[in-house]
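*Asks:* give me the fold of what follows.
(4 chains)
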Number of protein chains: 2
Amino acid sequence: MVTMKDVARAAGVSQAAVSYAYSRPEKLSAGQRRAIMATAARLGYAGPNAVGVSLRSGRSGAIGVMLMDTLEYAFTDPSTRCLLEGIVRTRRFDDLGLTLLPLPHDGGDQAALRGLVDGVIVHSLPDDHPALLTLRARDIPMVVVDAPHLPGVPLVGIADREAGRWQVEHLLDLGHRRLGIIAERLVPDGRHGMVDAERRARCAERVVRERITGYQEACEAADLDFERIPLVEVGGFDLTAGVAAAHSLLAGHDVTAVVATSDTMARAVLDAAAERGLRVPGDLSVIGFDDAPEAAPRGLTTIRQPMVYKGQLAAELLFTQLRGDPKPDDVYLPTDLVRRSTTGPASLRSG
Amino acid sequence: MVTMKDVARAAGVSQAAVSYAYSRPEKLSAGQRRAIMATAARLGYAGPNAVGVSLRSGRSGAIGVMLMDTLEYAFTDPSTRCLLEGIVRTRRFDDLGLTLLPLPHDGGDQAALRGLVDGVIVHSLPDDHPALLTLRARDIPMVVVDAPHLPGVPLVGIADREAGRWQVEHLLDLGHRRLGIIAERLVPDGRHGMVDAERRARCAERVVRERITGYQEACEAADLDFERIPLVEVGGFDLTAGVAAAHSLLAGHDVTAVVATSDTMARAVLDAAAERGLRVPGDLSVIGFDDAPEAAPRGLTTIRQPMVYKGQLAAELLFTQLRGDPKPDDVYLPTDLVRRSTTGPASLRSG
DNA sequence: CTGAAAGCGCTTACAG
DNA sequence: CTGAAAGCGCTTACAG
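*Replies:* As a prediction, the model looks like this:
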């Protein structure tokens, strides 16, 4: 590989002069600089090696997005895609790299934290994920989207508890009293299936915890015994696992409406319901969360949240910190209930 | 930041010993190693700094995907998304980074090439893009998906010319004689609008050039004068630009069928047709290319190509080279005509 | 089994 | 306006 030293030798100048030609042209005479650049072009030198610059300057020129689960999930899941779209919408990535930092296993993979990025956007990690400790230990600027909420780290999120209350209230308003709940993951230990109060109390995912608390508040306000409402944990985020969980929820419990913590899980319930011959919303009402792009075509009733804008805002708050401006405040964005055709009045049998 | 030197000092060993503790444990006694790791943990040392490792070892631990246009496009365009999904499907990214290298402007942005990646997957660049020269000058292992076809660089593609022929033959079989063509971009100079033979001859995008040649071959075999068939160039890849181009095609020419070089452009034609009150396929037949996920729900007749598998294969061929195995051969994957509901028989008026 | 030394490519005070 | 020198964090022959 041709380096600055090669260019310097060929041009008959010091290596420092070549460096100046690129990064501080005002320190050289115009002729000197022109001669150096011509030599560089002749040798096929494409400019200062990024690794050398990075080691010397302490800046990598890239920011990271830390995501639970795999890269494949990142490119497949609609919400994550919207978030990424929002992040790159800030248009700062002409001279900045964007590095995806998936965390497929428990712990592991902290290689990505070893100086590769100047700042990190964290999306939906469990409260005590070890990667967060590393980030804080290294004092890497960060912004969290959704979870977890860490002291001193700006958060971009929504009022999850209130939105959860809205989901249940919508179903109660329609006359439903026999509800079921499907949630993606409460504790990242790979377990799945029906959840009891003890596991609910150990929920390590802030977003899910808040929404479930909202469900509980809405039930209690309506004199429904929350402890008797079946709650199934999927254990993952993908549709296949969701369908399996939805089946176990629908098979074991006589419910007329299901609350899902995401549109993907709502879709899993719709698929399982179809396989069981249940009509929606005649036999079963389903409400999702996110209003992902797939929600409207399916007529899914859901809570709309601005995923793209969340990403954009998170990126802007990170750039603010990288510029050295004071740490920004948390931002909570608005949500809406979007009524479509997967929820309807409780039928007579749902006394 | 805490470095190896700090850990070494605290543990009372040489800095080299700390390095060995991480990368060559067999060179240390078990006790020595344990003591070092305990000290590292106590100091909050997260392991060797990636930049230092990279500078010393000459490997960055990441591969790049070089894409025309912006990152936002990469996360939005269905075909690109499928390609990325295929790349990460190889499951090698637990200890390997994936860096996206968008090339939004002409030239520019070669920063990404300066030692940041060990290998590159190039997707659909014009024949003579300067970034390709840099990659070759630096002798960075690469694989090209679709275009351009460079001597000595493995290509993963399809038989574009033949597939183009199939598109036109399908319309001819249905009785159409007044065809129109919409293509994304022939020359990356920002121009758009109707294309003449001179511009066609300068087409710098291998895939489009091949498909257009296929269109020409099919027309000539059917005694249609290809020079009289209107061809509109969109100048970009996004839907909005496509709809504008489709309007100018439909407004200025009396066609009964449109051939599009991608499903996105086909969708643009469908949108423009709807805005003009044309029924599909009654008044206008439209055939796309790709069979992207959005094609089936819209009933789009199209050419199916295995985008996800293209990505997977490209990644595997790149890993082959990074391992030092001999350079693999080009691979051409199969395509299919998928008949759906946007193409139908030419009506009577299309004499 | 352990340590001292060289050097990867670069930037930036510092001296001339 | 220009150059010699130090050092960013690390790995790996080499010597003990």
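*Asks:* okay, helices next: where are they in chain A?
*Replies:* Residue ranges of the helices in chain A, as given by DSSP state H, are A:4-11, A:15-23, A:30-43, A:50-57, A:71-76, A:78-88, A:130-137, A:160-173, A:197-201, A:206-221, A:239-252, A:263-275, A:307-322.
*Asks:* how much space separates A:Asp254 from DNA strand D?
*Replies:* 59 Å (C-beta to the nearest atom of the strand, to the nearest Å). Every C-beta, even on glycine, is put in place using the N, C-alpha and C of the backbone.
*Asks:* distance of that residue from A:Gly288?
*Replies:* 22 Å (C-beta to C-beta, to the nearest Å).
*Asks:* ditto for A:Thr99
*Replies:* With C-beta to C-beta as the criterion, A:Thr99 and A:Gly288 are 31 Å apart.
*Asks:* okay, these two: which has more neighbours?
*Replies:* A:Gly288 (32 against 20; other C-beta atoms under 10 Å in any protein chain shown).
*Asks:* quick revisit: among the helices of chain A, which is nearest B:Pro151?
*Replies:* Nearest of the helices of chain A to B:Pro151, taken as C-beta to C-beta: helix A:30-43 at 22.7 Å.
*Asks:* tell me the buried residues in that closest one?
*Replies:* Buried residues in helix A:30-43, defined by neighbour count with 16 or more other C-beta atoms under 10 Å in any protein chain shown: A:Gln32, A:Arg33, A:Ala35, A:Ile36, A:Met37, A:Thr39, A:Ala40, A:Leu43.
*Asks:* closest one of these to chain B?
*Replies:* Chain B lies nearest to A:Leu43 out of these, by C-beta to the nearest C-beta, at 9.2 Å.
*Asks:* I figured that closest one hits A:Ala11, correct?
*Replies:* No: A:Leu43 lies out of contact with A:Ala11 (C-beta atoms under 8 Å); the separation is 9.2 Å.
*Asks:* any idea of the pLDDT on the residue lying closest to A:Thr80 once chain neighbours are set aside?
*Replies:* Take A:Thr80 and drop its neighbours on the chain: the residue closest to it by C-beta to C-beta, 6 or more residues apart in numbering or on different chains is A:Ala74, 5.1 Å away. The model reports A:Ala74 with a pLDDT of 82.
*Asks:* residues contacting A:Ala74?
*Replies:* A:Ala74 makes contacts with A:Leu67, A:Thr80, A:Arg81, A:Leu84, A:Leu100, A:Pro102, as judged by C-beta atoms under 8 Å, 6 or more residues apart in numbering or on different chains.
*Asks:* residues near the residue nearest to the last one when sequence neighbours are not counted, how many?
*Replies:* The reference is to A:Pro102. Distance criterion C-beta to C-beta, 6+ apart; nearest residue to A:Pro102, sequence neighbours excluded, is A:Leu71 at 4.8 Å. Neighbour count of A:Leu71, defined by other C-beta under 10 Å: 21.
*Asks:* any idea how far DNA strand C is from A:Leu71?
*Replies:* For A:Leu71 relative to DNA strand C (C-beta to the nearest atom of the strand), the value is 29 Å.
*Asks:* in this structure that residue contacts B:Phe93, no?
*Replies:* Yes: A:Leu71 is within contact range of B:Phe93, at 5.4 Å (criterion: C-beta under 8 Å).
*Asks:* overlap in contacts, those two.
*Replies:* By C-beta under 8 Å, 6+ apart, the residues touching both A:Leu71 and B:Phe93 are A:Pro102.
*Asks:* how about low-confidence regions in the stretch 1-150 of chain A?
*Replies:* Across the stretch 1-150 of chain A, the ranges flagged by pLDDT under 70 are A:104-114.
*Asks:* residues in it within reach of DNA strand C, list them.
*Replies:* Contacts of the stretch 1-150 of chain A with DNA strand C, taken as C-beta under 7 Å from any atom of the strand, map to A:1, A:3-5, A:15-16, A:19-20, A:22-24, A:47-49, A:51-53, A:55-57.
*Asks:* restricted to buried residues, select those residues in PyMOL.
*Replies:* This is the PyMOL syntax for the buried subset of those, where burial follows 16+ other C-beta under 10 Å:
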select buried, chain A and resi 4+19+20+22+48+49+51+52+53+55
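*Asks:* including distance to B:Glu316, could the buried residues of helix A:30-43 go into JSON lines?
*Replies:* Shown next, in JSON lines, are the buried residues of helix A:30-43 (distance: C-beta to C-beta, whole Å):
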{"residue": "A:Gln32", "distance to B:Glu316": "48"}
{"residue": "A:Arg33", "distance to B:Glu316": "44"}
{"residue": "A:Ala35", "distance to B:Glu316": "45"}
{"residue": "A:Ile36", "distance to B:Glu316": "41"}
{"residue": "A:Met37", "distance to B:Glu316": "39"}
{"residue": "A:Thr39", "distance to B:Glu316": "39"}
{"residue": "A:Ala40", "distance to B:Glu316": "35"}
{"residue": "A:Leu43", "distance to B:Glu316": "34"}
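*Asks:* closest to DNA strand D out of those residues?
*Replies:* A:Gln32 (3.9 Å; C-beta to the nearest atom of the strand).
*Asks:* the closest one against A:Ala16, yeah?
*Replies:* No: using C-beta under 8 Å as the test, A:Gln32 is too far from A:Ala16 to be in contact (12.0 Å).
*Asks:* what are the phi and psi values at A:Ser60?
*Replies:* As for A:Ser60, its main-chain torsions (degrees, to the nearest 10) stand at phi -90, psi -20.
*Asks:* distance of A:Cys180 from A:Arg165?
*Replies:* Heads up, residue A:180 is Gly, not Cys. In terms of C-beta to C-beta, A:Gly180 sits 17 Å off from A:Arg165.
*Asks:* more neighbours: which of the two?
*Replies:* Counted by other C-beta under 10 Å, A:Gly180 and A:Arg165 do not tie: A:Gly180 has more neighbours, with 23 against 20.
*Asks:* next, the nearest residue to that one once chain neighbours are set aside: phi, psi?
*Replies:* In this structure, A:Gly180 finds its nearest non-sequential neighbour in A:Val255, 3.9 Å apart by C-beta to C-beta, 6+ apart. Taking degrees, to the nearest 10, you get phi -120, psi 150 for the backbone angles of A:Val255.
*Asks:* I figured A:Val255 hits A:Pro230, correct?
*Replies:* Yes: look at A:Val255 against A:Pro230 with C-beta under 8 Å: they come within range, at 7.0 Å.
*Asks:* close to DNA strand D: what parts of the stretch 51-200 of chain A are there?
*Replies:* A:Leu55, A:Arg56, A:Gly58, A:Arg114, A:Gly115.
*Asks:* can you add distance to chain B and give those back as a markdown table?
*Replies:* What follows is these, written out as a markdown table (distance: C-beta to the nearest C-beta, whole Å):
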| residue | distance to chain B |
| --- | --- |
| A:Leu55 | 5 |
| A:Arg56 | 9 |
| A:Gly58 | 8 |
| A:Arg114 | 4 |
| A:Gly115 | 4 |
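*Asks:* out of those residues, who's nearest A:Glu198?
*Replies:* For these, the nearest to A:Glu198 is A:Arg114 (37.9 Å; C-beta to C-beta).
*Asks:* dump the residue contacts of the residue sitting nearest the centre point of chain A.
*Replies:* Centroid-nearest residue in chain A: A:His123, 3.5 Å away (criterion: C-alpha atoms, centre = their mean). Taking C-beta under 8 Å, 6+ apart, we find A:His123 in contact with A:Val65, A:Met66, A:Leu67, A:Met68, A:Thr80, A:Leu83, A:Val144, A:Val145, A:Asp146.
*Asks:* ok, the fourth one - contacts?
*Replies:* For A:Met68, the contact set (C-beta under 8 Å, 6+ apart) comprises A:Pro102, A:Leu103, A:His123, A:Ser124, A:Leu125, A:Pro126, A:Pro188, A:Phe237.
*Asks:* separation between the third one and A:Ala147?
*Replies:* Here A:His123 is placed at a distance of 8 Å from A:Ala147 (C-beta to C-beta).
*Asks:* nice, that's everything, thank you.
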